[in-house]
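Asker: What follows is a predicted protein model with its sequence.
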Amino acid sequence: MKETKEILKVEGLSKTFKLSAKQQKIEKTNSKTITAVQNLSFSAYEGEIFGLLGPNGAGKTTTLRMLATLIKPNGGDAFIDGSSIVNSPDEVRGKIGFLTSELKLEDFFTPNFLFDFFSDLHKVPDEIRDKRKAELFEKFGIDKFAEVKVANLSTGMKQKTSLVVSLVHDPDIIIFDEPTNGLDVITAKVVTDFLLELKSRGKTVIVSTHIFNLIEKICDRVGIIIDGQMVVCEDLKTLTAKKNLEDVFFDIYRERKGDEV
Amino acid sequence: MKNAALVVFKKEMARFFGDKRLLFTTVILPGLVIFIMYSVMGQAMSSTFDSKDDVFKLAVVNMPASLETAFSPERYEIEEVNISQADDIKKKISDKEYQLFIVFPENFDENLALFNGGNLRENAPNVEIYHNSADVKSGNAFSETTAILSSVEEQLSNVFNINYAATPEDAARYDTANDEELSGTLFAMVLPMLLMTLMYSSCVALAPESIAGEKERGTLATLLIAPIPRNQIIIGKVMALSVMALLSGMSNFIGTMLSMPMLMKGMENDMNNISAVYYSVTDYLFLILIILSTVILFITLISIFSTFAKTVKEASTLVMPMMIVVMIVSFASMYSTEAKTEVVWYLIPVYNAVQSMIGIFSFNAVPVNIAVTILINLICSCGGLVILTKMFNNENIMFSK
Ligand SMILES: Nc1ncnc2c1ncn2[C@@H]1O[C@H](COP(=O)(O)OP(=O)(O)OP(=O)(O)O)[C@@H](O)[C@H]1O
Ligand SMILES: [Mg+2]
């Protein structure tokens, strides 16, 4: 069908966390380890939006953190535009834009300062940086707040700033964990529209979410993760040919988990 | 292209100098607090010792006529009382109404006249001086009065003098130490400890907040996804923190130095000639290099503890044991103002810095030992940076929940 490049290739990725005594209590388990992601494989193609769908604790964030090289897999590997997340993490970091709620911006600085700072870290030349900054700030309405300290920004404005800062180097692969979480409908729409725009510019976007609606609206393909395993990885149109995504999901979920839903 | 460590360094500097409150609490305030504290202490001490304008009220039994001129009326208000009033007077001394109650034996003058100056007398007349040592004024009256009576007693039995001097200035000629040596001894005793403690506490005030704090707030993770080697982040941070710690330490030091004269005013001594002018440019250069390399070492070590910690609070607890070690090693310098000369001692971090400072302050700096100290500091710091890089690459340390 599509003759496009396989820009992300995930091969049998696994992640097991050790649990401290305190974490055992919180997770209500006696096991010393927890397997968050198990033998996960999928691919994403250039110019598409790929959605990772799964309930809380399914392992979405863990998967994306591995792709962003913040944590290392126990098994398997993934290749981003040919660079291995295990063997050349620095290279991978230069190729992706990563956004997750755990990454915070320093309260003391202004969006303007932070954009420049991260541009410098990514070695973006000044002229290109200024042009990009002007564009992005205008698109997200940050220009009015460019000189306000992050501490004094609203939640939505903070998140928009984080998003913009993650794109200082104009990466070809954009990995966003729950990009619309905590945003009001208007701000959320700005973000989803932006993701579609990135796609139209030929970028590849990987998003994780538990919101069916978001997947239906923007994704080309979707992978459903349950208990750290990829259960379905399919073209969205094919998957939802007969039923809507929600019904499809619950059918699959019941099949795996029995009737405990 | 822009060097990543430099970019991080500049960001940290912008943070530090842009934040007026942080700047005030870490640079201005410590020096100011020390200055005010020491000045007030000096003032309090000098008013304790300085009782020049006090008039002492003395109750005396059997006041000998021969001694009447010894007690000047501007200083002593003498009231002759009867021994039967003893209990009453003693109570008044407790109540600070009188400073002293002196009981001379009867016929004191006649008794002294019998003394021929040759033989020691077993049943020498005893003068009883009741005082209240809990009362500063009474204490002063006691020591002054004892001094007066002792000198009278000495004049009576003067067999020989020791370091006789007509004036206090004249007394100085007996001390062969010149001002330079005096300064050296004093500085070597006090300054290494002071400097080491100030340096360490400045580092502790800054590094945990910058590293554990950023970790706690999730801003360090944002830095970690940038495509730069982690050791660049660390080098940038350690350099920035060292500069801040130096500024903070310098403020403390200036505060201390400015308040020293006031602190010393309280102590009666011949400290007036103590001065730092005797040190050469080389001495100062050595000192600066020692301080610089030691601060870098401290920052690196504290950064390691701070990286281990999940919160600033935890980091502050983790660095305490090292604080104690630094204090003990530095305090030890107060007991020996002579620096070790054998080079092996200079292979021990922290201890070598103290020894080097003692050497510099006592005008006995051995260049080789200073160089070894700086080298050891830098080698240890580099080792620390390697450990830090390993830690920054370890997700269990950086992203533990
Ligand atoms: N650092 C960690 N230490 C221990 N366990 C962890 C750690 N990170 C994640 N886990 C566990 O791994 C599992 C998967 O977590 P993950 O955050 O990837 O899920 P998620 O799909 O993103 O869920 P959510 O929708 O809640 O964000 C969970 O059971 C979680 O508790
Ligand atoms: Mg998640």
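Answerer: Okay, I see it. What you see is a predicted model; the values in this text were computed from it and never measured. Ligands and ions are numbered 1, 2, ... in the order given.
Asker: for stretch A:232-247, the distance to its chain's centre please.
Answerer: Centre-to-centre, stretch A:232-247 and its host chain are 21 Å apart (CA atoms, centre = their mean, to the nearest Å).
Asker: end-to-end on stretch B:21-33?
Answerer: One end of stretch B:21-33 to the other measures 16 Å (CA to CA, to the nearest Å).
Asker: Contacts only, for the spatially most central residue of chain A.
Answerer: Geometric centre of chain A, nearest residue: residue A:176, 2.4 Å, by CA atoms, centre = their mean. For residue A:176, the contacting residues are A:98-100, A:163, A:195, A:205-208, by CB atoms under 8 Å, 6 or more residues apart in numbering or on different chains. Any C-beta I mention is one placed from the backbone N, CA and C, and that applies to glycine too.
Asker: I'd guess it is in a strand, am I close?
Answerer: Yes. Per DSSP: H, G, I helix; E, B strand; the rest coil, residue A:176 lies within a strand segment.
Asker: what residues does the stretch 51-200 of chain A put near ligand 1?
Answerer: A:54, A:56-62 (CB under 6 Å from any ligand atom).
Asker: Next one, pLDDT for residue B:200 please.
Answerer: On the pLDDT scale, residue B:200 is placed at 90.
Asker: who does the one helix or strand it maps to touch, helix- and strand-wise?
Answerer: Per DSSP states H and E: residue B:200 is located in helix B:179-217. Applying 3 or more CB pairs under 8 Å, 6 or more residues apart in numbering or on different chains; DSSP states H and E, we find helix B:179-217 packed against helix B:219-224, helix B:230-265, helix B:281-308, helix B:312-318, helix B:320-331, helix B:351-361.
Asker: Show me what the second one packs onto, helices and strands only.
Answerer: When contacts are defined as 3+ CB pairs under 8 Å, 6+ apart, helix B:230-265 packs onto helix B:4-18, helix B:29-49, helix B:179-217, helix B:219-224, helix B:281-308, helix B:367-392.
Asker: how deep is residue B:25 tucked in, by neighbour count?
Answerer: By the criterion of other CB atoms under 10 Å in any protein chain shown, residue B:25 has 13 neighbours.
Asker: Can you say which of the helices and strands packed on helix B:179-217 is packed in most?
Answerer: helix B:351-361 (a mean of 27; mean count of other CB atoms under 10 Å in any protein chain shown).
Asker: who are the neighbours of it, in terms of helices and strands?
Answerer: Other elements packing on helix B:351-361 under the criterion 3+ CB pairs under 8 Å, 6+ apart are helix B:179-217, helix B:281-308, helix B:320-331, helix B:367-392.
Asker: So for ligand 1, which of the ones you listed sits nearest?
Answerer: helix B:179-217 (13.6 Å; CB to the nearest ligand atom).
Asker: now check the closest one, is it near ligand 1?
Answerer: No. Using CB under 6 Å from any ligand atom, helix B:179-217 stays clear of ligand 1, coming no nearer than 13.6 Å.
Asker: how about that helix: buried residues?
Answerer: Residues of helix B:179-217 classed as buried by neighbour count (16 or more other CB atoms under 10 Å in any protein chain shown): B:182-217.
Asker: can you tell me how far the residue nearest to the centre of chain A sits from residue A:46?
Answerer: Plainly put, residue A:176 is 17 Å away from residue A:46 if you go by CB to CB, to the nearest Å.
Asker: Spell out which residues make up each domain of chain B.
Answerer: Residue ranges for the domains of chain B, per automatic domain parsing: B:4-45+B:178-398, B:56-174.
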